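*Asks:* what follows is a predicted structure for the sequence shown.
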Amino acid sequence: MNFLGELDEWDFVDKLAKSIYMHTSANGVRVMTPNFVKILGTKTGSVYNFSSEHVRISIYFSVFNSEELALLNAVSHIAETHYKNILKYQEMSNIALYDSLTGAYSRTVGLKLLESAVESVKRTGRDSFIVFIDIDNLKKINDEYGHLKGDEMLRSFAQACIKSMRKTDMLIRYGGDEFILFVDSGNPEILLERIKNLSAISFSYGIVPIESDQSLFEILKLADERMYKAKKKEKNICPAASNTLMLI
């Protein structure tokens, strides 16, 4: 049976069901995990259930023999063990994909995904933007209230972004108090307003449209420069406000 090489849950369920159906005299097979179900054949004959913690197998037989019973008992135990390996693999993949504190994409993975997104925008010619974001006063909050408060602030801001974004948008934790937001629409200010309405945390940002004659590095550099200009301008206009700590 060839389901043991699969680390994708759906492929595992699909191949497990097909393997049982092909290698036994079953009239029908039903394999179910917490997220997927696969049904093959017909529900005719007597049903036999082989259930473990995560994997449930139901098999319909007209004629059933002890050799197939022994085989299916073994398959059920092996399938459960392999499913736990899939869960471990998914957990490790999530650790690599996402920043554990904020839930945003990690820098390494996020920049690769962003590069692909930028190339897609260039090919299609649709309006999309990159926003470079810096949380205001995070160092002061860490110094005066401790890093746990600073972490809470970062987590809250990132979740406000994620809840406000569309599925085709993307949030990357670039490092420390800096985030990159890929906005897959023609008006990034609408998304930024939603974030501001959802979160009381102050942040500065620079917006750059994605254009065909610019590399990702150039876009990020320009967005970073615009963000720092905005931060400097805000401090010059309201020097007292720059010392205000936005707490949650």
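*Replies:* Looks like it came in fine.
*Asks:* give me the neighbour count for Ala117.
*Replies:* 19 (other C-beta atoms under 10 Å). (Each C-beta comes from the backbone N, C-alpha and C, glycine too.)
*Asks:* who's in contact with the helix or strand it falls within?
*Replies:* Assigned by DSSP states H and E, Ala117 falls within helix 107-124. Identification of contacts with helix 107-124 by C-beta atoms under 8 Å, 6 or more residues apart in numbering yields 96-99, 104-105, 128, 130, 170, 172-175, 180, 182, 184, 210, 212, 216, 219.
*Asks:* next structured bit after that helix?
*Replies:* Going down the chain from helix 107-124, the next helix or strand is strand 129-135, by DSSP H and E.
*Asks:* quick check: angle from the lengthiest helix in the chain to helix 107-124?
*Replies:* Counting by DSSP state H, the longest helix found in the chain is helix 66-97. Computed by axes from the mean of the first three to the mean of the last three C-alpha atoms, to 10 degrees, the angle separating helix 66-97 from helix 107-124 equals 90 degrees.
*Asks:* ok now helix 66-97, how far from the chain's centre?
*Replies:* On the basis of C-alpha atoms, centre = their mean, to the nearest Å, helix 66-97 sits 23 Å off its chain's mean C-alpha point.
*Asks:* buried sites along it?
*Replies:* 68, 72, 75-76, 78-80, 82-83, 86 (16 or more other C-beta atoms under 10 Å).
*Asks:* and these as CSV, adding distance to Ala160 and pLDDT?
*Replies:* Shown next, in CSV, are these (distance: C-beta to C-beta, whole Å; pLDDT from 0 to 100):
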residue, distance to Ala160, pLDDT
Glu68, 55, 90
Leu72, 50, 93
Val75, 47, 94
Ser76, 45, 94
Ile78, 44, 94
Ala79, 41, 95
Glu80, 39, 95
His82, 39, 94
Tyr83, 35, 94
Ile86, 32, 92
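*Asks:* out of those residues, flag the one nearest to Trp10.
*Replies:* Ile86 (10.3 Å; C-beta to C-beta).
*Asks:* doesn't Leu7 make contact with that closest one?
*Replies:* Yes - between Ile86 and Leu7 there is a contact under C-beta atoms under 8 Å: 5.6 Å.
*Asks:* ok, Arg30 to Tyr21 distance?
*Replies:* Separation of Arg30 from Tyr21 (C-beta to C-beta, to the nearest Å) stands at 10 Å.
*Asks:* identify the contacts common to these two.
*Replies:* With C-beta under 8 Å, 6+ apart as the test, Arg30 and Tyr21 both reach Leu40.
*Asks:* mind checking the SS state of Asn35?
*Replies:* coil (DSSP: H, G, I helix; E, B strand; the rest coil).
*Asks:* before we move on, what about Val31?
*Replies:* Reduced to three states by three-state DSSP, Val31 is strand.
*Asks:* next up, the contacts around it.
*Replies:* 13, 16-17, 20, 37-38, 55-57.
*Asks:* just curious, which of those residues is nearest to Lys233?
*Replies:* Val13 (55.3 Å).
*Asks:* would you say that closest one is within a helix?
*Replies:* Yes - the assignment for Val13 is a helix, going by three-state DSSP.
*Asks:* please state the mean pLDDT value computed over stretch 191-209.
*Replies:* The average pLDDT for stretch 191-209 rounds to 95.
*Asks:* which PyMOL command selects the buried ones in the contacts of Val31?
*Replies:* In PyMOL syntax, the buried subset of these is picked out as below (16+ other C-beta under 10 Å):
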select buried, resi 13+16+17+20+38+55+56+57
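*Asks:* list the ones among the contacts of Val31 that fall in strands.
*Replies:* Residues of these located in strands (DSSP state E): 37-38, 56-57.
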